[in-house]
Each structure stands twice: as structure tokens, then as C-alpha cells.
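K.L.:
Fold the following and give me the result.
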Amino acid sequence: MNHAITADKVKSAKVNQATQKANTETLLTPRFYTTDFDAFDKLDLEPVREEWDALMQEFENDANSNHFERDESFQSEIKPMSKELEKEFLGFMISSVTSEYSGHVLYRDIARKVENPDVKQVMNYMARDESRHAGFINYALRDFGHPVNLMFLQKAKKYKFFKPKYIYYATYLSEKIGYARYITIYRQLEANPERRFHPLFKWFEDWCNDEYRHGEVLALIMKADPKLQRGYNKLWIRFFLVAVYATMYVRDHSRPYMHEAMGFEATDYDHQVFDITTEISKQIFPLSLDTHNPAFRRGLDRLVKISASADAAKARGGLIGGIKRIGCSIAGAAVFLRLYTIKTKKHELPGKVLKAPSW
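P.N.:
This next block holds a predicted model:
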């Protein structure tokens with residue numbers, strides 16, 4: 001399906017700054033995806049039927065059906081923020097709402113395009129959850145006068161085609177790392193409520209359980225087809241692990257005021273998230289990244305510096321700025337390749353998909 005509208009219509013449409021930012025394409029911004037719907041229609045979940053049916057019952061029970069509702073005290077709990085903190089927090093919410101809505105659009109499109117009852121059912125459930133998440137964040141953005149026009153975004157955003165297996169790997173990691181991020185923030189602010197500068201964070205505990213459950217869906221799909229975890233597919237698993245971890249690390253280091261306000265140092269926070277995500281992903285991936293390797297950590301820090309240099313070059317503009325941006329792209333690709341080649345850790349897969357641990 002071609003969702004995009006013409007460039008002229010995008011330019012002529014009256015959209016606010018938040019929507020324009022959400023529609024901007026960079027290496028760090030969330031993207032919208034389409035896929036091979038026929039391949040999804042052919043999925044066979046019988047090898048994992050017992051676990052699958054139990055998971056579908058959890059979706060049907062919908063423990064979070066009344067969770068995403070604001071109470072009367074919501075706005076009164078928003079604390080004064082410095083300009084720097086407010087800018088970073090708005091950036092965080094715009095990125096988050098774009099990511100959540102991207103998931104909604106992808107899952108909804110799959111549900112509409114397939115006849116497979118198992119796939120149609122679960123994709124409708126996940127689209128429902130992501131729609132709630134996106135709507136809840138967008139209400140918070142509206143409080144600041146910066147809501148994202150999601151319907152415009154759905155039509156204006158460029159869609160990238162991903163093979164189904166790329167969807168499995170990337171979306172599984174996105175959902176699980178989302179769980180790890182949200183639960184780490186929630187636990188930190190639960191222990192230090194004076195640092196909760198916005199009430200949105202109070203919803204993160206149950207919210208992250210949605211993310212975890214979505215990841216389990218992708219895990220079971222991969223478990224039902226073991227070749228997705230073997231042979232050259234291990235190279236793709238490795239690629240997406242590096243890409244997702246590196247993207248998160250660079251993005252988080254662009255928000256120092258927000259992490260400081262929550263009582264985190266961005267590097268420590270990210271490595272906490274890596275540790276949780278790595279432990280979880282052992283349920284389905286036959287390898288994990290050695291994120292404690294000094295060479296891996298140096299590589300991530302190098303990417304942060306390259307990203308800052310690229311931003312400076314973009315701001316400078318002109319021929320010199322353009323040349324510097326090309327240089328940054330080449331340097332970034334070289335660092336990514338180095339991260340990719342660092343030896344990974346191998347491990348045996350467990351017999352069953354794990355339930356969410358109590359971090």
C-alpha cells in the first residue's frame with residue numbers, strides 16, 4: 001500500500017512544528033513500515049499452539065483496558081521545567097508517539113490484509129494497544145500545545161519495505177527494549193518520586209507490560225519457524241541488535257537534561273537497559289552482544305561524537321557543511337562495522353518463551 005502523499009501537498013499542508021519534526025527522516029527518527037502481507041498470511045503457529053492460545057487469552061482479557069485514562073490531577077502534577085528540559089521532553093514524546101503510531105499502522109495494515117485468523121486476531125490486538133499508547137502521549141503533547149497530527153503523519157511519512165523476517169527481528173527488539181526502558185524509568189521514579197517531573201511516567205509500569213507482550217508475539221512467530229534462528233539469519237539478528245542498541249544510545253545522549261532530571265546518567269541508564277534487553281532476548285536469539293566489552297562501549301561513545309559533529313555540519317550548511325556530513329556518514333558506517341564484528345556471546349535457547357521478569 002502506498003500511503004505517501006506528494007511532496008507538494010506535504011509542503012502546502014498546514015501542520016505544526018511537532019508534526020513537522022515527527023515527519024522528518026533521519027537515522028534516529030522512527031520510521032513507518034510496510035511488508036509482504038502474503039507471507040504473514042502463510043504463517044503456521046501450530047508448533048507453538050499451546051503458548052500462542054495462552055497469550056491470546058491475555059490479549060483478550062485486556063488487563064490495560066482502563067489503564068490509559070488521565071485522572072483529574074494529571075495536569076496539576078506537571079512540574080515547572082527549564083527550557084532545555086522541556087525541549088528534550090517534548091522531543092522524547094514526539095519520538096515516542098511516532099514510534100507507537102508506526103506500530104499501530106503496521107499492525108493494523110497486516111490485520112486488514114491477511115485472512116489467517118491467528119495473524120488477524122493478534123495484529124488487531126496489538127494495533128489496539130499501540131493506538132492507546134499513541135493517543136495517551138498525544139494528549140500530553142496537547143497540554144504543551146504541540147500535538148502531532150497522526151492522520152497527516154500516516155499519509156505524509158515515507159514507508160520503508162521490510163521483509164517479514166526483518167519485521168520479526170526489528171519489532172521484537174523494539175518491543176523488548178521498550179519494555180526495558182519503561183520499567184527502568186518507572187522503578188527509578190518510583191524510588192525517587194521527587195524527580196517525577198511529569199505524570200506520564202506514572203503509567204509506565206503497566207504500559208511496559210503491553211510492550212513485553214507484543215515482543216512475546218514476535219518471539220513465538222520466530223519459535224514456530226526455527227530456521228529464522230539459524231544459519232545466515234544469525235547475521236541479520238546480529239545486525240538488528242547492533243542497530244537498535246546503537247540508535248538508542250546515540251538518541252539518549254542527545255537528551256542530557258532529561259536524564260539528569262530523572263536522576264540518570266545517560267550512559268549508565270542505557271547499559272542498564274542493554275542488560276535487561278540482552279537477558280530477555282536470550283529466550284529467542286541464539287546470540288547476544290557483549291555490551292560490556294570495552295571496545296563495544298568505545299564504539300558507542302564514538303558514534304555519539306560523530307552524531308554531534310553531523311548535527312553541527314548540518315547547522316553550518318553550505319558546501320563545507322555538506323562535505324563534513326558525508327565524512328561523518330563514512331565515519332559512522334566504519335564504527336558500526338566495527339561494532340558488528342565484535343565477538344558475540346552464544347547460548348542455548350530455553351524451551352519456552354519467558355514471562356516478564358520482575359526488574
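K.L.:
Next, T184: secondary structure please.
P.N.:
T184 carries the three-state label helix when classified by DSSP: H, G, I helix; E, B strand; the rest coil.
K.L.:
ok, it - contacts?
P.N.:
T184 sits next to Y269, Q272, V273, I276, W359 when contact means Cβ atoms under 8 Å, 6 or more residues apart in numbering. All C-beta atoms are positioned from the backbone trio N, CA, C, and that covers glycine.
K.L.:
Repeat that for W236.
P.N.:
Neighbouring residues of W236 by Cβ under 8 Å, 6+ apart: K165, Y166, Y169.
K.L.:
mind redoing it with 7 Å?
P.N.:
Neighbour list for W236: K165, Y169 [criterion: Cβ atoms under 7 Å, 6 or more residues apart in numbering].
K.L.:
Could I get the pLDDT score of it?
P.N.:
We have a pLDDT of 96 for W236.
K.L.:
One more: Q20?
P.N.:
Per-residue confidence for Q20 comes out at a pLDDT of 88.
K.L.:
and if you look at T24?
P.N.:
Reading off the confidence values, T24 has pLDDT 82.
K.L.:
just to revisit the earlier point, highest neighbour count among the contacts of T184?
P.N.:
With neighbours defined as other Cβ atoms under 10 Å, the most crowded of the contacts of T184 is V273; it has 24 neighbours.
K.L.:
show me where the protein has helices.
P.N.:
Listed in chain order, the helices of the chain (DSSP state H) span residues 7-12, 17-23, 37-41, 49-61, 83-113, 117-143, 150-156, 164-191, 204-224, 233-252, 256-262, 266-281, 294-316, 318-341.
K.L.:
can you put these in CSV and add distance to S76?
P.N.:
CSV is the format used below for those (distance: least, Cβ to Cβ, whole Å):
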stretch, distance to S76
helix 7-12, 38
helix 17-23, 23
helix 37-41, 45
helix 49-61, 33
helix 83-113, 17
helix 117-143, 11
helix 150-156, 26
helix 164-191, 17
helix 204-224, 19
helix 233-252, 29
helix 256-262, 19
helix 266-281, 28
helix 294-316, 36
helix 318-341, 44
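K.L.:
how about those, which one is nearest S288?
P.N.:
Across the helices of the chain, S288 has its closest neighbour in helix 266-281 (4.7 Å, Cβ to Cβ).
K.L.:
which parts of the closest one are buried?
P.N.:
266-267, 269-274, 276-278, 280-281 (16 or more other Cβ atoms under 10 Å).
K.L.:
Over to stretch 177-192?
P.N.:
I177, G178, Y179, A180, R181, Y182, I183, T184, I185, Y186, Q188, L189.
K.L.:
and if you look at stretch 317-328?
P.N.:
For stretch 317-328, by 16+ other Cβ under 10 Å, it's K324, R325, C328.
K.L.:
and which of those is nearest to D290?
P.N.:
Nearest to D290 among those: C328, at 26.0 Å, using Cβ to Cβ.
K.L.:
tell me, how many neighbours does T341 end up with?
P.N.:
11.
K.L.:
Leaving out the residues flanking it, which one is nearest to the residue nearest the centre of the chain?
P.N.:
By Cα atoms, centre = their mean, the chain has its centre lying nearest to S174, at 4.1 Å. With Cβ to Cβ, 6 or more residues apart in numbering as the criterion, S174 has its nearest non-adjacent residue at 6.7 Å, and that residue is V244.
K.L.:
so who does the one you found touch?
P.N.:
Contacts of V244 (Cβ under 7 Å, 6+ apart): L173, S174, I177.
K.L.:
now, which of these sits nearest A333?
P.N.:
For the contacts of V244, the nearest to A333 is L173 (20.5 Å; Cβ to Cβ).
K.L.:
State the distance from the closest one to A140.
P.N.:
Distance, L173 to A140, using Cβ to Cβ, to the nearest Å: 25 Å.
K.L.:
Tell me where the model's unsure across the stretch 1-150 of the chain.
P.N.:
Within the stretch 1-150 of the chain, the stretches with pLDDT under 70 are 1-14.
K.L.:
which one of the contacts of V244 sits closest to T19?
P.N.:
Comparing these against T19 with Cβ to Cβ picks out S174 as the nearest, at 22.1 Å.
K.L.:
Quick check, pLDDT for the closest one.
P.N.:
Taken from the predicted model, the pLDDT recorded for S174 is 93.
K.L.:
if I look at it, how far off is T24?
P.N.:
From S174 to T24 the distance is 19 Å (Cβ to Cβ).
K.L.:
separation between E58 and D129?
P.N.:
11 Å.
K.L.:
go on, G91?
P.N.:
In terms of Cβ to Cβ, G91 sits 23 Å off from D129.
K.L.:
Would you mind telling me which of the two has more residues around it?
P.N.:
A count of neighbours by other Cβ under 10 Å puts D129 above the other of G91 and D129, at 22 against 16.
K.L.:
residues in contact with the more buried one?
P.N.:
Counting by Cβ under 7 Å, 6+ apart, D129 touches D210, H214.
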